[in-house]
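1. could you look at this predicted model? Sequence included:
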Amino acid sequence: MVTFRETSTTVAAAVALLTEYFGSRELSFPSSMGEYRATFPDPEAFEPPRGEFVVVEDVDLAGEPADVGCGGIRQIDGGLGSRLELKHLWLQPHLRGRGFGRLLLAELERRAIELGATELVLDTNTSLEAAGGLYRSSGYEEIEPFNDNPNANLWLRKVLPRTEPTPELPNTLTLEEAFRAALFMIEGYGDVESWESQDIVLLHQYMVSDPARWDDWQNAVVKALDHPEISSDPCPRD
């Protein structure tokens, strides 16, 4: 199963993958645009909070665990800001056409949101038809050039969804107390003891996904802590 490992662009695995990436780009670069110009990334630009770089982990052609791709995001507004740039998305040829590129793109988008980005931009080349199709089908739209990259002739942008942070459980409550208090607040759900653990988790996620419900939940906790159905045995939080 594909996984993503955050790393520095200077470690051996990242350097090897970037070297493969630049080599493949040079071979496919349109002759009408001259020579491809490879520029290894500035390591500091791909370290939090300015950016991140990930290596894709899966298997090689022999079926053995291997590093098979890479990609990164970086701040381009001169400091911390809301616009990040996608860079160096690449997968080894045997993985293409299997949806891994979309998974890598989604992973980098998720990480960009966590870093506070509200939009992602990228530059690419129209000769990379598969990459262009992936970006457009993922919501990226053409914009005016935002840099002078000689390797690029297409610039794209995507507005990222805004997400509200999920409130943490109060440290003064055990996990069992919190779940059972939330259940006690809602009428018509039957006997608490009959609920499956996954149902409790889903309900809790529902409760904390909206600030108004979270306030109601906290008020219910106060009322429910003295309820006889709530166990006093501790159930430590993970």
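-> Sure thing, it's come through.

2. I figured Val92 hits Gly69, correct?
-> Quick fix: residue 92 reads Gln, not Val. Yes: counting by C-beta atoms under 8 Å, Gln92 touches Gly69, with 6.2 Å between them. C-beta here means a position set from N, CA and C on the backbone, and glycine is covered the same way.

3. which residue of the two possesses the greater neighbour count?
-> Taking other C-beta atoms under 10 Å, Gln92 and Gly69 do not tie; Gly69 has more neighbours (26 against 20).

4. packing partners for the longest strand seen in the chain?
-> Of all the segments of type strand in the chain, defined by DSSP state E, the longest one is strand 65-75. Contact here means 3 or more C-beta pairs under 8 Å, 6 or more residues apart in numbering; DSSP states H and E; on that basis strand 65-75 packs against helix 12-28, strand 51-59, strand 83-91, helix 100-114.

5. will you turn the ones you listed into CSV that also has mean pLDDT?
-> What follows is these, written out as CSV (pLDDT from 0 to 100):
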stretch, mean pLDDT
helix 12-28, 95
strand 51-59, 96
strand 83-91, 95
helix 100-114, 94
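
6. can you put these in a markdown table and add mean neighbour count and distance to Asn125?
-> Below are the helices and strands packed on strand 65-75 laid out as a markdown table (neighbours: other C-beta atoms under 10 Å; distance: least, C-beta to C-beta, whole Å):
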| stretch | mean neighbour count | distance to Asn125 |
| --- | --- | --- |
| helix 12-28 | 15 | 8 |
| strand 51-59 | 21 | 21 |
| strand 83-91 | 22 | 13 |
| helix 100-114 | 18 | 16 |
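
7. for Pro145, find the nearest of these.
-> Smallest distance to Pro145 across these (C-beta to C-beta): 12.5 Å, for strand 83-91.

8. name the residues that touch the closest one?
-> The contact list for strand 83-91 (C-beta atoms under 8 Å, 6 or more residues apart in numbering) reads 17-18, 20-21, 24, 41, 46, 51, 53, 56, 68-77, 100-101, 104-105, 108, 112, 115, 117-122, 131.

9. before we move on, what about stretch 106-124?
-> Contacts of stretch 106-124 (C-beta under 8 Å, 6+ apart): 4, 48-49, 51-52, 54, 71-73, 76, 80, 82-87, 89, 131-132, 135, 138, 140, 143, 145-147, 149, 151-152, 154-163.

10. ok, stretch 31-40 next?
-> With contact meaning C-beta under 8 Å, 6+ apart, stretch 31-40 is reached by 9, 15, 18, 22, 25-26, 29, 125, 150-151, 153.

11. next, format the helices and strands packed on strand 65-75 as CSV and append distance to Tyr36.
-> Below are those laid out as CSV (distance: least, C-beta to C-beta, whole Å):
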stretch, distance to Tyr36
helix 12-28, 4
strand 51-59, 21
strand 83-91, 14
helix 100-114, 20
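
12. if we can go back for a sec, just the angle for the longest strand of the chain relative to helix 12-28, thanks.
-> 80 degrees (axes from the mean of the first three to the mean of the last three C-alpha atoms, to 10 degrees).

13. one step back: need the contacts of stretch 31-40 in CSV (columns: distance to Ala62).
-> Converted to CSV, these look like this (distance: C-beta to C-beta, whole Å):
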residue, distance to Ala62
Thr9, 27
Val15, 22
Leu18, 23
Phe22, 24
Arg25, 25
Glu26, 26
Phe29, 30
Asn125, 32
Pro150, 38
Asn151, 32
Asn153, 37
